[in-house]
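> I would like the atomic coordinates for the input below:
(one chain, ligands or ions: 1)
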Amino acid sequence: MRKVKRLQMNVVNPTTLSEPFLKWAGGKRWLVRGYSHLFPMEFERYIEPFLGSGAVFFHLLPLQSILADKNAELIAAYRVIRRYPDEVAKLLESYHGRHSCRFYYDIRDADLESEIEQAARFVYLNRVCWNGLYRVNLKGKFNVPIGTKTQVKFQTGFLRQVSTHLKHAKLMTSDFETVIDGARCNDFVYVDPPYTVSHNNNGFIKYNGVLFSWADQLRLANAVKRAVARGALVFVSNADHAPVKKLYRELPFYRKLGRASILAGDSGARRQTSEAAFLSYQPTLEDEL
Ligand SMILES: C[S@@+](CC[C@H](N)C(=O)[O-])C[C@H]1O[C@@H](n2cnc3c(N)ncnc32)[C@H](O)[C@@H]1O
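Residues are numbered from 1 along each chain as shown. As a prediction, the model looks like this:
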């Protein structure tokens with residue numbers, strides 16, 4: 001087993017409380033709550049090629065990071081919040097007061113020129129649309145109906161804090177392969193793709209407006225193998241299914257991660273499900289638990 005060089009701890013301040021500003025399908029708040037001991041203690045750069053709400057990034061608060069996603073609107077919102085947190089917060093404050101069914105559909109369908117308004121709308125829709133879903137029609141227009149949540153604004157200063165955390169991050173709209181191919185020895189790559197299983201007949205699912213096929217899962221597993229061969233520390237989250245396990249059989253550490261999930265359509269009912277983690281490195285903190 002390759003030994004990891006002693007590197008500087010890549011954490012800004014472990015006592016800083018931080019969390020995502022979005023709610024995202026497949027978001028990993030549950031992972032950081034229950035399984036953060038599986039992350040490496042030391043690494044050089046942090047790389048997250050399937051960013052979504054960035055639950056792991058906001059947990060680790062790494063000093064140097066590359067954050068990417070194929071969803072261009074999502075990455076644009078991150079960039080604008082980093083640059084104009086107060087302006088976005090102010091608009092959300094005003095949307096909070098104006099929130100209604102009519103306002104929701106008016107703003108959802110409006111043509112907005114300013115990037116600040118577009119980013120504030122992105123966050124507004126994420127907070128009050130049905131189940132925090134992101135879905136676009138064939139013309140690329142967001143088309144999720146209104147949901148039941150009504151909390152639009154954040155606590156004072158929250159977006160400014162998000163902006164500070166993002167200060168040194170490189171944000172990219174990109175397909176995962178280029179991003180993973182840029183990972184070097186001792187970089188930590190957290191890989192959280194849309195979950196596709198090979199037997200779901202047509203071979204692809206539409207996820208957050210982006211198609212992710214079984215061929216993409218194969219392409220991803222190969223990119224991961226190349227990164228591991230270069231000495232990157234890789235953590236892959238994926239479905240706990242036999243065909244997926246086969247894809248990652250060369251990664252030496254497999255963990256089955258149990259979690260309670262809410263059953264769709266019945267917010268009171270919970271069931272136990274499991275997901276898989278495939279790691280290229282031995283999780284050092286695990287033994288101490
Ligand atoms: C499971 S979500 C990531 C969730 C994230 N870990 C979190 O905590 O919110 C998967 C993400 O992959 C993005 N995605 C889908 N296809 C992609 C591709 N080919 N390249 C890069 N990102 C892609 C989606 O837009 C989505 O944000």
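> hey, where'd the strands end up in the stretch 1-150 of the chain?
46-48, 65-69 (DSSP state E, counting those that start in this stretch).
> Tell me which of these is the most buried.
strand 46-48 (a mean of 26; mean count of other CB atoms under 10 Å). Just so you know, the C-beta spots here come from the backbone N, C-alpha and C atoms, and that holds for glycine as well.
> With the ligand in mind, check whether that strand reaches it.
No. For strand 46-48, no contact with the ligand is found by CB under 6 Å from any ligand atom; the gap never falls below 7.2 Å.
> Report the distance from that strand to the chain centre.
11 Å (CA atoms, centre = their mean, to the nearest Å).
> And for stretch 225-242?
Between the centre of stretch 225-242 and the centre of its chain there are 16 Å (CA atoms, centre = their mean).
> Just the C-alphas of that stretch, formatted as PDB.
C-alpha atoms of stretch 225-242 as PDB (Å, rounded to 0.1, in the frame of the first residue of the first chain):
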ATOM      1  CA  LYS A 225      -8.600   4.300 -12.100                       C
ATOM      2  CA  ARG A 226      -6.300   6.700 -13.900                       C
ATOM      3  CA  ALA A 227      -6.400   9.200 -11.000                       C
ATOM      4  CA  VAL A 228      -5.700   6.500  -8.500                       C
ATOM      5  CA  ALA A 229      -2.700   5.300 -10.600                       C
ATOM      6  CA  ARG A 230      -1.300   8.800 -10.500                       C
ATOM      7  CA  GLY A 231      -1.500   8.700  -6.600                       C
ATOM      8  CA  ALA A 232      -4.700  10.800  -6.000                       C
ATOM      9  CA  LEU A 233      -6.800   9.900  -3.000                       C
ATOM     10  CA  VAL A 234     -10.300   9.000  -4.300                       C
ATOM     11  CA  PHE A 235     -13.600   8.500  -2.600                       C
ATOM     12  CA  VAL A 236     -16.500   7.400  -4.800                       C
ATOM     13  CA  SER A 237     -20.100   7.500  -3.600                       C
ATOM     14  CA  ASN A 238     -22.500   5.300  -5.600                       C
ATOM     15  CA  ALA A 239     -25.400   2.900  -5.600                       C
ATOM     16  CA  ASP A 240     -24.700  -0.200  -3.500                       C
ATOM     17  CA  HIS A 241     -25.400  -2.600  -6.500                       C
ATOM     18  CA  ALA A 242     -23.500  -5.500  -7.900                       C
END
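> So which residues on this structure come close to the ligand?
Checking the chain against the ligand by CB under 6 Å from any ligand atom, the hits are 24, 26-28, 49-50, 52-55, 69-71, 175-176, 192-194, 207-208, 210, 212, 216.
> Narrow the residues you listed to those that are buried.
Those of the residues of the chain next to the ligand that meet the buried threshold are 24, 26-28, 49-50, 52-55, 69-71, 176, 192-194, 207-208, 210, 212, 216, by 16 or more other CB atoms under 10 Å.
> need the contact list for the residue nearest to residue 166 when sequence neighbours are not counted.
Spatially, and ignoring its direct neighbours in sequence, residue 166 is nearest to residue 82 (4.2 Å; CB to CB, 6 or more residues apart in numbering). Listed by CB atoms under 8 Å, 6 or more residues apart in numbering, the contact partners of residue 82 are 162, 163, 166, 167, 169, 171.
> Relative to residue 30, how far out is residue 187?
25 Å (CB to CB, to the nearest Å).
> Who has more neighbours out of those two?
Set side by side, residue 187 and residue 30 show more neighbours around residue 187, with 23 against 14, by other CB atoms under 10 Å.
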